[in-house]
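> attaching a predicted model along with its sequence, questions to come.
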Amino acid sequence: MTAGTEPGASGTADDGAATEGTAAADGAATDAPPVTLNDDERELVELELRMILPALTGDRAERYEALREAVESGGDVPGDLTGVLASLVELTLQTARARQLYRAEGETILTNLLRRTPRGRELAKQVADVNTALKALNGHPVESVNVRMRTIGHFTVTVATDAVTLTMAVRPDTVNIESLAVGQSG
C-alpha cells in the first residue's frame, strides 16, 4: 500500500493529547510473542511513528523510538514492544487518522495488525465473551431494550426477556457484560 497523504498533513491538535491518553495501553507485554509486520503494515507504522515521535518525551519517547528501530530494521517487533505497537495503532484507529490519511485500505491493514497484538486478542476475547453471554437470550422474546449514557463515551445497553436481563457496558474501545440476571425482567 502506498499512503497518499503524509501524516500530520491533516493532523489534529488532539494528536498530542491522545499521546498522553493511551499510556495504560502501551505497557510492555514482556511475555508476548513478537509480531512481524508485512510491507504494508511497516509503511503505515513508520508514517505514524514519524508523526508521533516528535511529540513524546521521557520513557515514552524511548519506547516509541525502540519501536521505530524495530520497524525500520525489518519489521520484527519484539514481545516487549507489542504494547507500544498496539497503542500506536489504536490511537491511529480511534482518532480516525487511519481512515482520513490511508483510506479504508489503510484502516483495514491497521485493524488486522491490531488483532495480531495481545491487545487485539484481548479485544477479540471480550467480543467473544459478550456473544457467548448473548446466547442466553436465544429463544426468549425480548420484553424491553434500553440504552443509557453513564457519561460521554460510556453507555449501557440492557435487554430484558421473560427469563433473563442482560446489561452490556459499551465504551469507545470495549464492550463487556456488566450484569446477567436470570429469572428477572425489566
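Sure, I can see it. Numbering: from 1, shown residues only.
> ranges for the helices of this protein?
Remark: helices assigned in the chain by DSSP state H are 14-21, 39-52, 58-72, 82-94, 97-115, 118-134.
> output the lowest mean pLDDT helix or strand found in this protein.
helix 14-21 (a mean of 37; mean pLDDT, DSSP states H and E).
> residue ranges in the chain under the pLDDT threshold?
Residue ranges of the chain with pLDDT under 70: 1-30, 184-186.
> spatially central, which residue of it would that be?
With distances taken as C-alpha atoms, centre = their mean, Glu90 lies nearest the centre of the chain, 4.3 Å away.
> against Ala163, how distant is that one?
Separation of Glu90 from Ala163 (C-beta to C-beta, to the nearest Å): 37 Å. Every residue, glycine included, has its C-beta placed from N, CA and C.
> what do you get for Ala128?
Distance, Ala128 to Ala163, by C-beta to C-beta: 23 Å.
> more crowded one of the two?
When neighbours are counted by other C-beta atoms under 10 Å, Ala128 and Ala163 differ, and Ala163 comes out ahead with 16 against 10.
> excluding its backbone neighbours, what's nearest that one?
Leaving aside its chain neighbours, Ala163 sits nearest to His140 (5.1 Å; criterion: C-beta to C-beta, 6 or more residues apart in numbering).
> is Val170 in a bridge, and if so with what?
Following DSSP bridges, Val170 is listed with bridge partners Phe155, Val175.
> does Leu113 touch Leu88 like I think?
No. Leu113 is not in contact with Leu88 according to C-beta atoms under 8 Å; the separation is 9.8 Å.
> how about Ala61, what does it touch?
Leu53 (C-beta atoms under 8 Å, 6 or more residues apart in numbering).
> circling back to that earlier point, contacting residues for the residue nearest to Ala163?
Thr161, Asp162, Ala163, Val164.
> which one is the second one nearest to, not counting chain neighbours?
I take that to be Asp162. His140 (5.6 Å).
> phi first, then psi, for that neighbour.
phi -110, psi 130 (degrees, to the nearest 10).
> what separation do you get for it and Val164?
6 Å.
> next: Leu47.
In terms of C-beta to C-beta, Leu47 sits 47 Å off from Val164.
> give the contact list for the closest residue to Thr111 other than its chain neighbours.
Nearest residue to Thr111, sequence neighbours excluded (C-beta to C-beta, 6+ apart): Leu93, at 6.4 Å. Taking C-beta under 8 Å, 6+ apart as the contact definition, Leu93 lies against Glu107, Leu110, Thr111, Leu114.
> surely Arg171 meets Arg150?
No. Contact criterion C-beta under 8 Å: Arg171 and Arg150 do not qualify, at 9.3 Å.
> good, we can wrap up now.
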